[in-house]
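> Sharing a model that was predicted from the sequence below.
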Amino acid sequence: MDRLPRTTRGQQFRALGVSTVAFTTCFAVWTIFSIIGVRIKQELGLSETQFGLLVATPVLSGSISRVMLGIWTEQYGGRLVMTLVMLASAVATFLLSWADSYGWLLVAALGVGLAGGSFIVGVTYVSHWFPTKAQGTALGIFGMGNMGSAVTTFGAPFLVVAFGWERTAQIYALILAGMAVAAFALMRDDPAQAERERGGVKVSAAMQLEPLKKVQVWRFATYYFFVFGAFVALASWLPRYYVGAYGLDLKTAGALAAAYALPGSVFRALGGWMSDRWGARFVMYLTFIVSLIALFILSYPETQYVVTGINGPITFAFGLNVPLFTLLTIILGFVMSLGKAAVYKHIPVYYPYHVGSVGGLVGMIGGLGGFVLPIVFGIFNDLTGVWSSCFMLLFALVGVSTVWMHVAIRRTEVRRHPQLAAETELSDLPEQPYPRPQQTGDAPASAVVRMAD
């Protein structure tokens, strides 16, 4: 494999640390409507539909923008693109406080959503600083920036009560703008970008989009649709589920839903380390198998059985009480966090020169899952009248993904190595990564090298 010039540990940790703090700040801004949206709804008298669209708009723009942001990161470097994304999001967040109509709020929300697109910028940037054997751990640590949502959940309400939602938006905007300046000052061009600039190499968008024709890329996106998209969807759906299915008050329901969501951020780094240690495929198998078991139990509706016994009818019932249901959701959230890291471990290994475009597409599909699935959950509730129908849908999704993954892996390995047809343990690495695109002003192949593993 080609190698980039060696970098020091200090440079790697600096790049990872600054990127993670920047992403945490961006994620906090990306979820700001979860708090200020409630106050906006009250003040403007928005309908439930209007409120839902307002909250969902940043999710949509943050997801859809990831493909182009990933491509631009490969073209211009993570340092510049991350700074511009944060500045643009800061301006949009500040303009929220000046919006005097629902339409202008939606326009500003589109700009706020760019903060969510910072994920793929950071993934591309960080992956170029670390060798293959350490990329899973590094990207897992970076992904812990999802905890920015917890910062908003716990901190923003105090700001809203003390200053109002308009001033809260301004405070968030100033913090994000300050982080943008700090990031630009502290970040350095990643080794791949530095090498391209020295060689006068240019990467076109068409070259970056070329791998998206491969079915394998869309398979990775399907995995992420579950491990990230379904995770986000359940995090917003579970409070309603607890209230409707178990009759809990909203405060208790929110606390139990938080118990599900917390592992999704905290243990992502563990998933990255496990992917480095035992392979991303192992972690994906673990994620899917445990998820299938948990989802099967969660999807089983509360049922009463009557059996004709020797001495008359025997009645018994099956149903999950709150503690058992909560435990299963926590387990599900834990393995989903491992899977999120494993999916992005695959990408720089298989597509080292297209991390931005491939990772951007995968992230976009995952983000869209977080937008679409809650709507589908509601439709399923209306059609079936069964609360656990959302878990039935996810069980089917994971089942299809598991079969698709296993069949694809077996076919690929057996085609390359017929002697492995009887083997059950398969290599986690591709025979060859996706080749580097031919670029304008390209230097000789020997001059552009990837980091030593």
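Received it, and whenever you're ready, just let me know what you need.
> shouldn't residue 357 be in contact with residue 212?
Yes. At 6.4 Å, residue 357 counts as touching residue 212 under the criterion of Cβ atoms under 8 Å. Heads up, the C-betas are built off the backbone N, CA and C, glycines and all.
> Comparing these two, which residue is more hemmed in?
residue 357 (29 against 16; other Cβ atoms under 10 Å).
> mind listing what's buried in the helix or strand where the more buried one lies?
In this structure, residue 357 is located in helix 355-384 according to DSSP states H and E. When burial is assessed from 16 or more other Cβ atoms under 10 Å, helix 355-384 yields the following buried residues: 355-374, 377, 380-381.
> any chance you could map the helices in the stretch 201-350 of the chain?
205-209, 215-224, 231-246, 250-266, 268-278, 280-299, 322-350 (DSSP state H, counting those that start in this stretch).
> Including mean pLDDT and distance to residue 93, could those helices go into TSV?
Below are these laid out as TSV (pLDDT from 0 to 100; distance: least, Cβ to Cβ, whole Å):
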stretch	mean pLDDT	distance to residue 93
helix 205-209	62	28
helix 215-224	84	27
helix 231-246	81	20
helix 250-266	75	22
helix 268-278	85	25
helix 280-299	92	34
helix 322-350	88	26
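> Looking at these, which is nearest to residue 125?
Shortest distance between residue 125 and these, using Cβ to Cβ, is found for helix 322-350: 11.3 Å.
> any weak-confidence spans in the stretch 51-200 of the chain?
Within the stretch 51-200 of the chain, the ranges that satisfy pLDDT under 70 run 153, 196-200.
> Show the contacting residues for the residue nearest the centre of the chain.
With distances taken as Cα atoms, centre = their mean, the chain has residue 228 as the residue nearest its mean C-alpha position (4.6 Å). Contacts of residue 228 were listed using Cβ atoms under 8 Å, 6 or more residues apart in numbering, and they are 336, 340, 343, 363, 366-367, 369-370.
> hang on, the earlier thing: tell me the angle of the helix holding residue 357 relative to helix 322-350?
150 degrees (axes from the mean of the first three to the mean of the last three Cα atoms, to 10 degrees).
> Off-centre distance for helix 355-384?
Mean C-alpha position of helix 355-384 versus that of the full chain (Cα atoms, centre = their mean, to the nearest Å) differs by 11 Å.
> Helices along the stretch 1-150 of the chain, start to end?
Taking DSSP H, counting those that start in this stretch, the helices of the stretch 1-150 of the chain run over residues 9-30, 33-44, 48-64, 66-76, 78-96, 102-112, 114-127, 132-143, 148-163.
> Check the separation of the first and last residues in stretch 124-142.
With Cα to Cα, to the nearest Å applied, stretch 124-142 spans 11 Å between its terminal residues.
> Counting neighbours, which bits of that stretch end up buried?
Counting neighbours by 16+ other Cβ under 10 Å, the buried set in stretch 124-142 is 124-132, 134-142.
> related to what we said a few turns ago, need the contacts of residue 228 in TSV with distance to residue 39, can you?
Conversion of the contacts of residue 228 to TSV gives the following (distance: Cβ to Cβ, whole Å):
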residue	distance to residue 39
336	31
340	31
343	36
363	30
366	29
367	25
369	28
370	23
